[in-house]
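[1] sequence first, predicted coordinates after that:
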Amino acid sequence: PPVSERHAFQAEIKQLLNLLAHSIYQGKEIALRELISNASDALNKMRLTALVEGSPLDPDELGITLTIDKEAGTLTIADNGVGMTHEELRSNLGTIAHSGSREFVRNLTRIPEEAKAINLIGQFGVGFYSAFMVADRVVVLSRSHRSEETWKWESDGTGEFTISPADESRPRGTSVILHLKPETKEFLEPWRVKSVVKRFSGFIPQPIRLDGEVLNDQKAIWLEPRNQVTEEEHTRFFRHLSHREGETPLFHLHVAVDSPIQFRAVLYCPPTNFESIGFGKLEHGVQLCARRVLVQSNCQEILPGYLRFLHGLVDSEDLPLNISRETLQDNAVLRKIQNTLVKHVLDRLSKLAEEAPQTYETFYEQFGIILKEGIHTDFLNRDRIAKLLRFISTANEGEEADRKRTSLEQYVGRMREGQTQIYFLGGPDLNSIRKNPHLAYFKSRQLEVLLLPDPIDEFVITSLDRFDGKPLVSIDSARVELPPQTESTSADAQGKEATTDQPAVDPARLDRVLSLFKAALEGKVSEVRTSQRLLESPVGLIHAEGSLTTSMRKLLQMANR
Ligand code: ADP
Ligand code: MG
């Protein structure tokens, strides 16, 4: 007969539990939110399994029940979802499989803004452990839909947990029994639990009951007419989907498409990018539903990688329910939904840039780096994405110049008469770019130059190659073509123009200088020639046609190291 087994938690979980037990974080409600969200996940899986396997199941019988036992000091969250086998209890509630989540936990212990980060633990696949913020002992009773046995998982949240056969058998599903800490006895008050559930779990699609009363309204806001959903509801739905309590999305989209494929979608852009604060690559945050049934959370096929920062939900009548990760990849319906959705997102972004430039700026600061990946990966939408890019430019001067950014369209709108190319210059940082000898000449002729201190930007621009038909050219390259000098541009340059200002030089003596340089630099450069384009420096390096710019070369050297 099976006996009680002792297991040690994985190291990262121990760290996490230690942090949670000593946390001064006030938001204990998130523990309830996370456990209810797990119960709901298990119910979704049950519904989907039954549909796919064709086994009888009345969806109305799926639900979550909360029970308060004042005498025992416990709050129980019970569901009749898929349940867990002995092995599943051991691995799901004892180890973190996902490497990104392990990384998150390691970071969590170092982040000063610990409180804010704890709020996010649900997003990183470790939500269950928040139970130990409110309980000093947690008991999980579970019976898998594939098994006749009921197992008991138990831990006091220090280093170990035990798994043993349960004394009594139970119907399919899981109960999480929280032995509440003295300071969280408030969760023994029905009014308190009700208000927490209403506030944090309103969008859970199955009924949550306490004393027979259903606490959540289970509204499917993506199916509502767009003008009937309030901002407040969208914010709450975003928090529900993203597990980001207290945060407000930067913007949202609510899409209803009826042909050729029918689908509804709501998408939200979070206010901050966790990738840039060291949480590793984000998981996709969109839930995929077929006829209101969740078929996949964190669906990777619904949006391309360069839009992975969006959270949301997509629901279609035209998708089969029995769709697996493998079949998703080459599902034609899904591909069509993706194409339409991407266009909607890119349109929304360009509208945002126009109508709320400040918000767009924030968006770009946070997610521009991810969006840019689209230039290499989405050839179909390349031009649209290119319009969304922003760069630092010599057109902006003064203190704000390093932060103010321009679009390529704006640049083109400012191009001088006869200018055929878009000029840029890369470098390790803005300071050294500004000291580049080539820049002075372009400035003197009032030719705008985009400054690219981020090697990624230079990479993006190089792979873009052209915008609006105009080649993008590094000003230290031999490809540079300059607009012809006109009266007015020379006048603008206030006599600083190289050609007009230079004293005449005897060509024969210049030839002698050139041949001296050529001899001295033999094998190091391919050519030495005179330039009309240097103002403040005696020499400058130029890149031969077809060769890489200096900072691109550095980037590649770094990558090869
Ligand atoms: P996540 O929900 O993001 O996967 P959690 O830490 O919340 O991370 O839960 C870990 C895992 O434990 C879940 O993925 C699931 O497999 C399992 N689990 C937790 N609660 C339940 C439950 N009520 N029923 C079935 N499985 C559960
Ligand atoms: Mg969870």
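    Looks like it came in fine. Ligands and ions are numbered 1, 2, ... in the order given.

[2] next, the contact list for the closest residue to ligand 2 within the chain, please.
    Across the chain, no residue is closer to ligand 2 than Gly127, which sits at 3.5 Å (C-beta to the ion). To be clear about C-beta, it is placed using only N, CA and C from the backbone, and glycine gets the same treatment. Neighbour list for Gly127: 34-35, 37-38, 121, 243 [criterion: C-beta atoms under 8 Å, 6 or more residues apart in numbering].

[3] go back to those and keep what's next to ligand 1.
    34, 38 (C-beta under 6 Å from any ligand atom).

[4] where does confidence bottom out across the contacts of Gly127?
    In this model, the minimum pLDDT among the contacts of Gly127 belongs to Ile121 (78).

[5] run a quick neighbour tally on it.
    For Ile121, the neighbour count with other C-beta atoms under 10 Å is 25.

[6] C-alpha coordinates for stretch 245-253, PDB please?
    Provided in PDB are the C-alpha atoms of stretch 245-253 (Å, rounded to 0.1, in the frame of the first residue of the first chain):
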ATOM      1  CA  GLU A 245      -3.200  44.000 -10.200                       C
ATOM      2  CA  GLY A 246      -3.100  47.700  -9.800                       C
ATOM      3  CA  GLU A 247      -1.800  48.400 -13.400                       C
ATOM      4  CA  THR A 248      -3.600  50.100 -16.200                       C
ATOM      5  CA  PRO A 249      -3.100  49.300 -19.800                       C
ATOM      6  CA  LEU A 250      -1.500  51.900 -22.000                       C
ATOM      7  CA  PHE A 251      -4.100  51.300 -24.700                       C
ATOM      8  CA  HIS A 252      -6.500  48.600 -25.800                       C
ATOM      9  CA  LEU A 253      -8.200  47.300 -29.000                       C
END
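
[7] quick check: mean pLDDT of it?
    Averaging pLDDT along stretch 245-253 yields 93.

[8] in a markdown table, list the contacts of Gly127 along with distance to Gly81.
    Shown next, in a markdown table, are the contacts of Gly127 (distance: C-beta to C-beta, whole Å):
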| residue | distance to Gly81 |
| --- | --- |
| Glu34 | 15 |
| Leu35 | 12 |
| Ser37 | 12 |
| Asn38 | 9 |
| Ile121 | 21 |
| His243 | 19 |
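
[9] tell me the one of the contacts of Gly127 nearest ligand 1?
    Asn38 (3.4 Å; C-beta to the nearest ligand atom).

[10] my guess is that closest one meets Phe128, correct?
    Yes - judged on C-beta atoms under 8 Å, Asn38 makes contact with Phe128 at a distance of 6.2 Å.

[11] quick one: whichever residue of the stretch 301-450 of the chain sits closest to ligand 1 from His344, how far?
    Per C-beta to the nearest ligand atom, His311 is where the stretch 301-450 of the chain lies closest to ligand 1, at 14.1 Å. Computed as C-beta to C-beta, to the nearest Å, the His311 to His344 distance reads 15 Å.

[12] now do Phe442
    For Phe442 relative to His344 (C-beta to C-beta), the value is 39 Å.

[13] likewise for Leu141?
    From Leu141 to His344 the distance is 45 Å (C-beta to C-beta).

[14] which of those two has more residues huddled nearby?
    Neighbours were tallied for Leu141 and for His344 using other C-beta under 10 Å; the higher tally belongs to Leu141 (23 against 16).

[15] may I have the helix or strand that contains that one exported as CSV, CA atoms only?
    For Leu141, the element it lies in under DSSP states H and E is strand 135-143. Output of strand 135-143 as CSV, limited to C-alpha atoms (Å, rounded to 0.1, in the frame of the first residue of the first chain):
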residue,chain,number,x,y,z
ALA,A,135,-1.6,30.3,5.3
ASP,A,136,0.9,28.7,7.5
ARG,A,137,-0.2,25.3,6.4
VAL,A,138,-1.7,24.3,3.0
VAL,A,139,-3.4,21.0,2.3
VAL,A,140,-4.3,20.0,-1.3
LEU,A,141,-6.7,17.1,-1.8
SER,A,142,-7.0,16.0,-5.4
ARG,A,143,-8.4,13.3,-7.6
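
[16] does whichever helix or strand comes after it come close to ligand 1?
    Using DSSP H and E, the helix or strand that directly follows strand 135-143 along the chain is strand 150-155. No - Strand 150-155 is not in contact with ligand 1 by C-beta under 6 Å from any ligand atom; minimum separation 10.0 Å.

[17] phi, psi for Ile177 please.
    Ile177 adopts backbone torsions of phi -100, psi 120, taken as degrees, to the nearest 10.

[18] which residues does the nearest residue to it once chain neighbours are set aside bridge with?
    Among residues not flanking Ile177 along the chain, Val139 sits closest, at 4.3 Å (C-beta to C-beta, 6 or more residues apart in numbering). With DSSP bridges applied, Val139 shows beta-bridge pairing to Glu154, Ile177.

[19] thought Val139 was touching Trp153?
    Yes - assessed by C-beta under 8 Å, Val139 is found in contact with Trp153 at 7.2 Å.

[20] okay, the two: which has more neighbours?
    Each of Val139 and Trp153 has its neighbours counted (other C-beta under 10 Å); Trp153 has more, 25 against 17.

[21] isn't the more buried one right up against Phe161?
    Yes - between Trp153 and Phe161 a contact is recorded at 6.2 Å, counting by C-beta under 8 Å.

[22] quick check: phi and psi at the nearest residue to Thr377 once chain neighbours are set aside.
    Once flanking residues are discounted, Thr377 sits nearest to Tyr306: 6.2 Å by C-beta to C-beta, 6+ apart. When quoted as degrees, to the nearest 10, the phi and psi of Tyr306 stand at phi -80, psi 0.

[23] these two touch, right, Tyr306 and Lys372?
    Yes - the criterion here is C-beta under 8 Å, and Tyr306 meets it with Lys372 at 7.4 Å.
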